[in-house]
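[1] let's see this in three dimensions:
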Amino acid sequence: MRQILLVFVKAPTPGKVKLRLSPPLVPRQAASLYRALVEDLLERTAALEEHGVERVCAYNPDSDYPDLSWLSVAAPRLCFQRGSTLEERYLHAFDQAFATAPGGRVVAIASDIPLLPLEYIHLSFKLLDAQEVVLGPCADGGHYLIGLRRRHAETFHGVSGPSGQIFEMTKKELASHGLSYDTLPPYYDVDTYQDLTRLAKDLLAKGNGCPRTRKALEQLKLL
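    Residues are numbered from 1 along each chain as shown. Got it, this is the predicted structure:
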């Protein structure tokens, strides 16, 4: 059974990514940091390919970065995000994935979680053998991962809601449609400066890995 991992990535354009980090970061710093986060995550998840997980980058481009040629690491297969809302972009990306892998399992993750344990991704695919949906909750009330074993548009009805309520809204949507789900351990993505300082502490504790993110944090005097 095919397993597809969608990594949602935006063009690293200053002023359009990681807006909640500015201030204290200026837009150029925030964009450079985002680029490092994406590249380190893609480099780490490349190991999943050896275990039968196909990676696809669901990309939201702009005129300055129309494709993935800006990456300094090997790029996964590319699909483009479509739609005017986050809900539409999620649904379109999942539809594309299911079209290429009928009957498969599709899991989507954010691109600003460079230290996400890979075992969480493996676990998400395993949980989909028994559940319709799997969710990875964030500490800020959102989610870092959504997985499906077939198309359920209602899964994405809450993703455009208030950021601190997305996870709970998604669970309510699933319950109202009688969809079974399971959850992964909580984790965090990098949206705020507080998240960034947490990431710096975690990188210090690990001692190695995520070289581009480390360099970006060193330049910001956080490492």
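
[2] quick check: residue 145 touching residue 133?
    No - if you go by Cβ atoms under 8 Å, residue 145 and residue 133 don't touch, sitting 10.7 Å apart. For every residue, glycine as well, the C-beta is placed using N, CA and C.

[3] chain center to stretch 194-203, what's the gap?
    The chain centroid and the centroid of stretch 194-203 are separated by 17 Å, computed with Cα atoms, centre = their mean, to the nearest Å.

[4] the helix or strand containing residue 5 - contacts with which helices or strands?
    Assigned by DSSP states H and E, residue 5 falls within strand 3-10. The contact analysis (3 or more Cβ pairs under 8 Å, 6 or more residues apart in numbering; DSSP states H and E) places strand 3-10 against helix 27-45, strand 53-60, helix 86-100, strand 105-109.

[5] residue nearest the centroid of this protein?
    Among the residues of the chain, residue 110 comes closest to the average C-alpha position under Cα atoms, centre = their mean, at 1.0 Å.

[6] pLDDT score for that residue?
    If you check residue 110, the pLDDT there is 93.

[7] ok, now how distant is it from residue 129?
    24 Å (Cβ to Cβ, to the nearest Å).

[8] skipping adjacent residues, who's closest to residue 11 in space?
    residue 65 (3.7 Å; Cβ to Cβ, 6 or more residues apart in numbering).

[9] which of the helices and strands packed on strand 3-10 has the lowest average pLDDT?
    When I compare these, helix 86-100 is least confident, with a mean of 93.

[10] alpha carbons of that one, as CSV, please.
    Extracted C-alpha coordinates of helix 86-100, given in CSV (Å, rounded to 0.1, in the frame of the first residue of the first chain):
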residue,chain,number,x,y,z
LEU,A,86,-6.1,27.1,3.3
GLU,A,87,-9.0,24.6,3.3
GLU,A,88,-9.0,24.6,-0.5
ARG,A,89,-5.3,24.2,-0.7
TYR,A,90,-5.3,21.2,1.6
LEU,A,91,-8.1,19.5,-0.2
HIS,A,92,-6.6,20.0,-3.6
ALA,A,93,-3.2,18.6,-2.5
PHE,A,94,-4.8,15.5,-0.9
ASP,A,95,-7.0,15.0,-4.0
GLN,A,96,-3.8,15.0,-6.2
ALA,A,97,-2.1,12.6,-3.9
PHE,A,98,-5.1,10.2,-3.8
ALA,A,99,-5.3,10.4,-7.6
THR,A,100,-1.8,9.1,-7.9
